[in-house]
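Participant: Give the three-dimensional model of this entry:
(4 chains)
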Number of protein chains: 2
Amino acid sequence: MDEPKLDRRRLDVLRAIVEDYVATQEPVGSRALVERHNLGVSPATIRNDMALLEEEGYIHQPHTSAGRVPTDKGYRLFVDRLTNVKPLTQAERRAIHSFLDEAVDLDDVVSRTVRLLAQLTRQVAVVQYPSLSRSAVRHVELVGLAATRIMLVLITDTGRVEQRLVEVGPIEESALGELRARLNAEIVGRRLAEVPALLEDFARRSPGGEVQAAAGPPLSAVDALCAVLLEMIVEQREERVVFGGTANLARFGHDFPDTIHPVLEALEEQVVLLKLLGEATAPSLLTVRIGRENELDQLTSTSVVTSGYGRGEDTLAQLGVLGPTRMDYPGTMGAVSAVARYVGRILEQA
Amino acid sequence: MDEPKLDRRRLDVLRAIVEDYVATQEPVGSRALVERHNLGVSPATIRNDMALLEEEGYIHQPHTSAGRVPTDKGYRLFVDRLTNVKPLTQAERRAIHSFLDEAVDLDDVVSRTVRLLAQLTRQVAVVQYPSLSRSAVRHVELVGLAATRIMLVLITDTGRVEQRLVEVGPIEESALGELRARLNAEIVGRRLAEVPALLEDFARRSPGGEVQAAAGPPLSAVDALCAVLLEMIVEQREERVVFGGTANLARFGHDFPDTIHPVLEALEEQVVLLKLLGEATAPSLLTVRIGRENELDQLTSTSVVTSGYGRGEDTLAQLGVLGPTRMDYPGTMGAVSAVARYVGRILEQA
DNA sequence: AGCTGGCACTCCCGGTGAACGAGTGCCAAC
DNA sequence: GTTGGCACTCGTTCACCGGGAGTGCCAGCT
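Facilitator: As a prediction, this is how the structure comes out:
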């Protein structure tokens, strides 16, 4: 597995190349390398090492008389073995806390997180709403708006609130109250994923058995409400993802082969965003996908750093950032990780 | 007011220049003009007209031996007097209906509208949420989540739902019910703007006068709830705006002087977006702001087409699109106007 | 008075070629 | 294994130049 040909110094050279290239955005040559890092050897020696690194596919020469640029494989090795997550500065840490502490509801937490990540990493931020199906029911509310019109509100313990209008036959206020109580007794505290099973034959299990109680709501209404409730849960399983900080893509247009157009296009597709964030991982477990490791053609010149976030061991969703492959990996990873952790903590309090 | 120097033909020339320039994105010369439009005169004649139009500031020559390009003032005249809103095709009309009819709640309406506008106009779409302060209270719900924890949910007749957690002293379920009923009796159906006045001394007007009724909620709790309710209304007055379709900005990067960076940056500022949409105008009254007519420096090479939308005569908010000044004004105006009208109709049903 | 063809002029654009310089690979020597 | 030297490659920059598009102006025509 290990490349025995890559001894200590060659790895140092690779690291130096990545660092310099990320900093300057220009192919780095042997002379510049020995000047900026004290490698203790001459440029000629470095050239030999470079030739080897190129042979192994870690770096690449845009044209004959140019310096070297890391390949995706080179970045991969750098991320895996040559660097560590960079801890945030005290100031950054404070910024995260003060910025997120002001959030008033879930929408606000998410939108603040997007802005925060974008600003911290100077890249495009992507944040997924806490998964509905993995959270639990905190309360269901039935509000009679008109004689035949009910608003059904579902509140989860992650602070998410979903509502739908339901048209039913005429229903008494008292019957509505009873139904509300019964419904809540049944499903409050349960995972959303469990709810469909619990409501299986909820309507027929109405109190009073076979005989419809006088004050009870009509069966048809109960059925209609349950149906809509289930629909909300199922439909919302298609997770919502928001992004921001696209201006950062345009800062240096030359980071991208032709234009940023395909990248922007990709970002505007919910499906793509979801794929981008990937499978849920344990909270604060960082995932890095570099260049062609991303499946989408439009994103082969970008890298994505993501992390799960959640309460304790529970992963509720993913968040992360997207940028050019030549990104500051240690710094980005530090920021993503710190933000993910803090968002998780915020959700615990809610 | 009228420019007497601009006779019929000169206006035709200006219109032709705008149309050709928008279509080709290249300065248009006198020869090309007579070829593509049957103006019935020779290029030399057109050149004289062009010289005059330039003198009056409607067109401009990038350099000595180039064709002409419309100025902001030229576009302005074009929009005001030389063209009409282009009606949509049957297919586009159908697309609007089928796309928006599927929306399940307000969030969905807004996000679908953004995508729809972006796709229809091939530009950046900007949509403001229906203004809270201009809508009316449909219902206020108090949900006891724990002994001392209440969720306050505000539902407006535009379908907007806002919620907040409130910590209060211990409170009986029955007291909560009574308070809920009293609160709703007081403010349901009223404009949000009126609510602060109505709640002025709501707590002290508790039933039973001076003497606190046994079952009534503690004064402190009522006060706390009212305070949060007011806060929601005030805070939410800062309207929410969402945008999409930024990929359209990058389609032809050359539409913008340097890069699209400043434009993207501007779009990510809520404050800027709000300014962009401008003051509320009557529903389906189109506003066009061209180039430097926009106050922001970053947006001087863009144009914005907006329209109010709402129920009947009531304007609830604004929506519109942003693109390069060289945009297809008639088509864009048609699309914005049609979408605004249909979104208004959807909200009426909700 | 307005329109037209002709013509000289301006200036962008694309291609060519030379000088330059950064960076390399290789080799002989240490 | 490392080093200095050296020839070589190739992209970049700049000056130069011809072609061409488009103009402004003018004299003549209707």
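
Participant: Walking through the stretch 51-200 of chain A, point out its helices one by one.
Facilitator: Counting by DSSP state H, counting those that start in this stretch, one finds helices in the stretch 51-200 of chain A at the ranges A:72-77, A:90-101, A:106-121, A:173-187, A:195-198.

Participant: tell me, how many neighbours does the nearest residue to residue A:22 once chain neighbours are set aside end up with?
Facilitator: Residue nearest to residue A:22 in three dimensions, not counting chain neighbours: residue A:326, with 5.3 Å by Cβ to Cβ, 6 or more residues apart in numbering or on different chains. All C-beta spots, glycine's among them, are computed from the backbone N, C-alpha and C. The number of residues packed near residue A:326 is 20, by other Cβ atoms under 10 Å in any protein chain shown.

Participant: Check which helix or strand residue A:326 maps to.
Facilitator: Under DSSP states H and E, no helix or strand contains residue A:326.

Participant: which residues does it contact?
Facilitator: A:21, A:22, A:25, A:70, A:255 (Cβ atoms under 8 Å, 6 or more residues apart in numbering or on different chains).

Participant: now do residue A:200
Facilitator: Contacts of residue A:200 (Cβ under 8 Å, 6+ apart): none.

Participant: Let me see the contact set for residue A:131.
Facilitator: Shown in contact with residue A:131 (Cβ under 8 Å, 6+ apart): A:237, A:239, A:280, A:316, A:317.

Participant: So the fourth one, which state does it fall into?
Facilitator: Here residue A:316 is strand, with the state taken from DSSP: H, G, I helix; E, B strand; the rest coil.

Participant: can you give me the strands for chain A?
Facilitator: Counting by DSSP state E, chain A has strands at residues A:59-60, A:69-70, A:124-128, A:137-146, A:149-156, A:161-167, A:241-244, A:286-290, A:302-311, A:314-324.

Participant: would you turn those into a markdown table with distance to DNA strand D, mean neighbour count and mean pLDDT?
Facilitator: Output for the strands of chain A, formatted as a markdown table (distance: least, Cβ to the nearest atom of the strand, whole Å; neighbours: other Cβ atoms under 10 Å in any protein chain shown; pLDDT from 0 to 100):
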| stretch | distance to DNA strand D | mean neighbour count | mean pLDDT |
| --- | --- | --- | --- |
| strand A:59-60 | 14 | 21 | 96 |
| strand A:69-70 | 13 | 23 | 97 |
| strand A:124-128 | 27 | 27 | 97 |
| strand A:137-146 | 59 | 19 | 85 |
| strand A:149-156 | 54 | 21 | 87 |
| strand A:161-167 | 54 | 17 | 85 |
| strand A:241-244 | 33 | 20 | 96 |
| strand A:286-290 | 25 | 20 | 96 |
| strand A:302-311 | 22 | 26 | 94 |
| strand A:314-324 | 18 | 25 | 93 |
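
Participant: follow-up on the earlier one: look up phi and psi at the residue nearest to residue A:22.
Facilitator: Backbone geometry at residue A:326, expressed as degrees, to the nearest 10, gives phi -80, psi 60.

Participant: And it, how close does it get to DNA strand C?
Facilitator: Remark: distance between residue A:326 and DNA strand C (Cβ to the nearest atom of the strand, to the nearest Å) = 16 Å.

Participant: residues in the stretch 1-150 of chain A within reach of DNA strand C, list them.
Facilitator: A:27-32, A:43-44, A:47, A:50-51, A:54, A:61, A:64-68 (Cβ under 7 Å from any atom of the strand).

Participant: Going through those residues, which ones are buried?
Facilitator: Neighbour-count burial (16 or more other Cβ atoms under 10 Å in any protein chain shown) is assigned, among those, to A:27, A:28, A:29, A:30, A:32, A:50, A:67, A:68.

Participant: mind putting these in a markdown table, distance to residue B:113 and pLDDT included?
Facilitator: Supplementary listing: those in a markdown table, determined by distance: Cβ to Cβ, whole Å; pLDDT from 0 to 100:
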| residue | distance to residue B:113 | pLDDT |
| --- | --- | --- |
| A:27 | 46 | 95 |
| A:28 | 48 | 96 |
| A:29 | 53 | 95 |
| A:30 | 56 | 95 |
| A:32 | 52 | 92 |
| A:50 | 54 | 96 |
| A:67 | 49 | 92 |
| A:68 | 49 | 96 |
